[in-house]
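**Student:** Build the 3D model from these lines:
(2 chains)
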Amino acid sequence: MDLSKVKDDRKLEICRLYYKGGFAFLPFLWAVNFVWFYRDAFQRPAFEEQKQIKRYVIFSGIGALIWSIALTTWIVIFQKYRVDWGTVGDELTFLIPSGSL
Amino acid sequence: MSGLIDESAGLMDGHIHESRARGDDFDEGRDVNPDRRQKERRSRPRPEHAENINDGDINSGPGPAGDQSAEWLNDQEELRYGAQHVIKLFVPVSLCMLVVVSTISSIGFYSKKDGIYLVYTPFHETSPQTSTKVWNALANAGILMVVIIIMTIGLILLYKYRCYMVIHGWLILSSFILLFIFSYLYLEECLRAYNIALDHITAVLILWNFGVMGMICIHWVGPLRLQQAYLIFVAALMALVFIKYLPEWTTWVVLGVISIWDLVAVLTPNGPLRILVETAQERNENIFPALIYSSTVVYSIIGTVNNESAGSSSGVQMDSPGDTESGFVPSWREEASERESARRRAMDEEEVQIRPRNSRSHNDVANELGLGDGEHQGDDQQRRQPAGRSPFRIREDEERGVKLGLGDFIFYSVLVGKASSYGDWNTTFACFVAILIGLCLTLLLLAVLKKALPALPISITFGLIFYFASTLLVAPFSDSLAVNQVFI
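**Tutor:** Okay, here's the model as predicted:
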């Protein structure tokens, strides 16, 4: 949908729902929320709901950031120690890369 | 199944109105002849009409004076806008084909035949004899078509008797399967092709995020770009499934048969898609946007600085749905229905592969979804309308764009993907260009005829001709030229 057509109160509603939805292990939702409402939160003349939108956007951004850092760290650790972990590592692996001759 | 286009007519109307609303600057640059311009303006319909007018009305201007030049100008403008939208459609169509072609050429899984086929294609073309293969392919295509026709009729019945819930459920279920199960397969094959290790935790997280976001974007609200991206991806996935699970010859026959069906369903007076569109029009509803890719171009500007006041449409998912009602609706709907049918097919196929049993319910769901959404949109519109009429209308007009059914995306991609699966890039590019030319011609016809048109026939015909011409004639010829070193 096109945000420019949407009323402010509806924007707030959407933003809030995106923010809340993000708690269901959905950092992507937060990232989208952050990008999508960034303009409304920071680059527009003040309007009634802006304060709340700003809050949700900031929190979403922080959440997405934390998630991405955590995920990156985890992936790095996993890739590095996967072989060392032996069986556990294999069990954790979604797809075990095959070797080549 | 595709109703390609549809709304272009509406589209054009929208543009015209828009330009009027904006004033001269919009056209000044291009318009050399001010007198003509004015006449043209006079003769154009009032904005109020715009909402419910069909395309044909455009030229029904009140002023007798300057009718001819006005019409001529109108046509000019329409063609010009049409051209703009053609390009807008090129990008997504090309992207979709790009996804399919790159997947086919990098991930062997999708071009490898491992003896598993869709339930709807019981004949596997295993015989070495050509006649048997042809017979198998025709039988398979026939079965598939019957399924599609039944699905389409089922959808129309559901819509006619207002079983929106069923349709809704169906659509959600189908998109759910596509977004979760098929993207799971896709992810796995991607990782396998590049031999990348991935842990379960990350994989689940990725799929969960991707799928949920897709569901939200398609069925609720989400950024337009993201929604378009999801639609393209879904279409590409579906095309990959077709390529993988349809027997060789059947694929080609199906492409041909489906474009004929598309023609019949959209253009026949009693064609199912046409009935669907007309019913939707009667009820003043929109067909679900989830199944249609809209090129919606938003022209910012205009005097409406307060977008918000103008756009009172809070719940509108689609940018264009509102527009749809005015001019695009018919074509839109057709596309939608086409898409839906395409989807259904896709779903059926999917079902076949994954869960043969539920296929039917699947299809229904998809169909219903589209319809259900339409309902919602209608509600939205109702809500909106009281809020702010005049500005709203203008906005609507602005937003119009050409819409192409997802089904069209799918079958274009199937053709190009199939061509690329033989590894000949010349053929692939020939098909790609042929399809784009076909699309151009269809859009041109749209501008001229101003009614919803099937998008598949021209493009697919061109594609098939180019494919067979280049594999059977051009490739051997250029090979022999190369062997004999003619160019050196």
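**Student:** Would you check how far apart residue A:80 and chain B are?
**Tutor:** 11 Å (CB to the nearest CB, to the nearest Å). Every residue, glycine included, has its C-beta placed from N, CA and C.
**Student:** secondary structure element for that residue?
**Tutor:** helix A:50-81 (DSSP states H and E).
**Student:** likewise residue B:93?
**Tutor:** If you go by DSSP H and E, residue B:93 is part of helix B:67-106.
**Student:** I'd say residue B:195 and residue A:97 touch.
**Tutor:** Yes: the criterion here is CB atoms under 8 Å, and residue B:195 meets it with residue A:97 at 4.4 Å.
**Student:** before we move on, the earlier item: quick one: list the elements packing against the helix or strand following the helix holding residue B:93.
**Tutor:** Next helix or strand after helix B:67-106 toward the C-terminus (DSSP H and E): helix B:130-160. In this structure, helix B:130-160 makes packing contacts with helix B:164-176, helix B:248-267, helix B:272-283, helix B:329-353, helix B:359-387, judged by 3 or more CB pairs under 8 Å, 6 or more residues apart in numbering or on different chains; DSSP states H and E.
**Student:** make it 6 Å
**Tutor:** In terms of contacts (3 or more CB pairs under 6 Å, 6 or more residues apart in numbering or on different chains; DSSP states H and E), helix B:130-160 is packed against helix B:248-267, helix B:272-283, helix B:329-353, helix B:359-387.
**Student:** Return the member of those having the minimum mean pLDDT.
**Tutor:** Ranked on mean pLDDT, the bottom entry among those is helix B:359-387, at a mean of 34.
**Student:** which residue sits closest to the most centrally placed residue in chain A, ignoring its sequence neighbours?
**Tutor:** Central residue of chain A (CA atoms, centre = their mean): residue A:27, 2.6 Å from the mean position. Residue nearest to residue A:27 in three dimensions, not counting chain neighbours: residue A:67, with 3.4 Å by CB to CB, 6 or more residues apart in numbering or on different chains.
**Student:** hang on, residue B:120 packs against residue B:144?
**Tutor:** Yes: Residue B:120 is within contact range of residue B:144, at 4.8 Å (criterion: CB atoms under 6 Å).
**Student:** Might you list the low-confidence residue ranges for the chain?
**Tutor:** Using chain A here. A:1 (pLDDT under 70).
**Student:** not quite, I wanted chain B
**Tutor:** Checking chain B against pLDDT under 70 turns up B:1-67, B:75, B:78-83, B:285-292, B:294-403.
**Student:** Relative to chain B, which residue of chain A is the closest?
**Tutor:** Closest residue of chain A to chain B, CB to the nearest CB: residue A:5 (2.9 Å).
**Student:** what's the neighbour count on that residue?
**Tutor:** Residues lying near residue A:5 (other CB atoms under 10 Å in any protein chain shown) number 24.
**Student:** try residue B:73
**Tutor:** For residue B:73, using other CB under 10 Å, the count is 22.
**Student:** sorry, back to before: elements contacting the helix holding residue B:93?
**Tutor:** Counting by 3+ CB pairs under 6 Å, 6+ apart, helix B:67-106 packs on helix B:8-22, helix B:34-43, helix B:224-245, helix B:406-420, helix B:425-449.
**Student:** Tell me which of the ones you listed is the most buried.
**Tutor:** Of all those, helix B:406-420 has the most neighbours on average by mean count of other CB atoms under 10 Å in any protein chain shown, namely a mean of 30.
**Student:** Now do that one against helix B:248-267, angle only.
**Tutor:** Between helix B:406-420 and helix B:248-267, the angle comes out at 150 degrees (axes from the mean of the first three to the mean of the last three CA atoms, to 10 degrees).
**Student:** elements contacting helix B:406-420?
**Tutor:** helix B:67-106, helix B:224-245, helix B:329-353, helix B:425-449, helix B:456-469.
**Student:** Which neighbouring elements make contact with the shortest one?
**Tutor:** By that I understand helix B:456-469. The helices and strands touching helix B:456-469, judged by 3+ CB pairs under 6 Å, 6+ apart, are helix B:248-267, helix B:406-420, helix B:425-449.
**Student:** what comes up buried for it?
**Tutor:** B:456, B:457, B:458, B:459, B:460, B:461, B:462, B:463, B:464, B:466, B:467 (16 or more other CB atoms under 10 Å in any protein chain shown).
**Student:** and that helix with helix B:67-106, angle?
**Tutor:** Using the same axes, to 10 degrees: helix B:456-469 against helix B:67-106 is 50 degrees.
**Student:** Could you identify the helix or strand that succeeds helix B:456-469?
**Tutor:** Per DSSP H and E, the first helix or strand lying C-terminal to helix B:456-469 is helix B:475-483.
**Student:** can you pull the buried residues of that following helix?
**Tutor:** Going by neighbour count (16+ other CB under 10 Å), the buried part of helix B:475-483 is residue B:475.
**Student:** Could you list the alpha-carbon positions for that helix in PDB?
**Tutor:** Taking Å, rounded to 0.1, in the frame of the first residue of the first chain, the C-alpha atoms of helix B:475-483 are listed here in PDB:
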ATOM      1  CA  ALA B 475      20.800 -22.500 -33.500                       C
ATOM      2  CA  PRO B 476      21.800 -25.300 -36.000                       C
ATOM      3  CA  PHE B 477      22.400 -22.700 -38.700                       C
ATOM      4  CA  SER B 478      24.600 -20.500 -36.600                       C
ATOM      5  CA  ASP B 479      26.400 -23.600 -35.300                       C
ATOM      6  CA  SER B 480      27.200 -24.700 -38.800                       C
ATOM      7  CA  LEU B 481      28.300 -21.200 -39.600                       C
ATOM      8  CA  ALA B 482      30.500 -21.200 -36.600                       C
ATOM      9  CA  VAL B 483      31.900 -24.600 -37.500                       C
END
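**Student:** what angle do it and helix B:425-449 make?
**Tutor:** Going by the same axes, to 10 degrees, helix B:475-483 makes 130 degrees with helix B:425-449.
**Student:** and residue B:404, that one's in a strand?
**Tutor:** Yes: assigned with DSSP: H, G, I helix; E, B strand; the rest coil, residue B:404 falls within a strand.
**Student:** okay, now it: neighbour count?
**Tutor:** Per other CB under 10 Å, the neighbour tally for residue B:404 reads 34.
**Student:** I'd like to know how far it sits from chain A.
**Tutor:** Residue B:404 sits 18 Å away from chain A, going by CB to the nearest CB.
**Student:** Quick check, that residue in contact with residue B:293.
**Tutor:** Yes: between residue B:404 and residue B:293 there is a contact under CB under 6 Å: 5.1 Å.
**Student:** which ones are touching residue A:18?
**Tutor:** Applying CB atoms under 6 Å, 6 or more residues apart in numbering or on different chains, we find residue A:18 in contact with A:29, A:33.
**Student:** State the helix or strand in which it lies.
**Tutor:** Residue-wise, residue A:18 maps onto helix A:8-21 under DSSP H and E.
**Student:** Near chain A, which residues of the stretch 101-250 of chain B? Just list them.
**Tutor:** Applying CB under 6 Å from any CB of the partner chain, we find that the stretch 101-250 of chain B lies next to chain A at B:191, B:195, B:197-200, B:202-203, B:209, B:212-213, B:221, B:223-224.
**Student:** of those residues, buried ones?
**Tutor:** B:191, B:197, B:198, B:199, B:203, B:209, B:212, B:213, B:221, B:223, B:224.
**Student:** could you dump these to JSON lines with secondary structure?
**Tutor:** Below are these laid out as JSON lines (three-state DSSP):
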{"residue": "B:191", "secondary structure": "helix"}
{"residue": "B:197", "secondary structure": "coil"}
{"residue": "B:198", "secondary structure": "strand"}
{"residue": "B:199", "secondary structure": "strand"}
{"residue": "B:203", "secondary structure": "helix"}
{"residue": "B:209", "secondary structure": "helix"}
{"residue": "B:212", "secondary structure": "helix"}
{"residue": "B:213", "secondary structure": "helix"}
{"residue": "B:221", "secondary structure": "coil"}
{"residue": "B:223", "secondary structure": "coil"}
{"residue": "B:224", "secondary structure": "helix"}
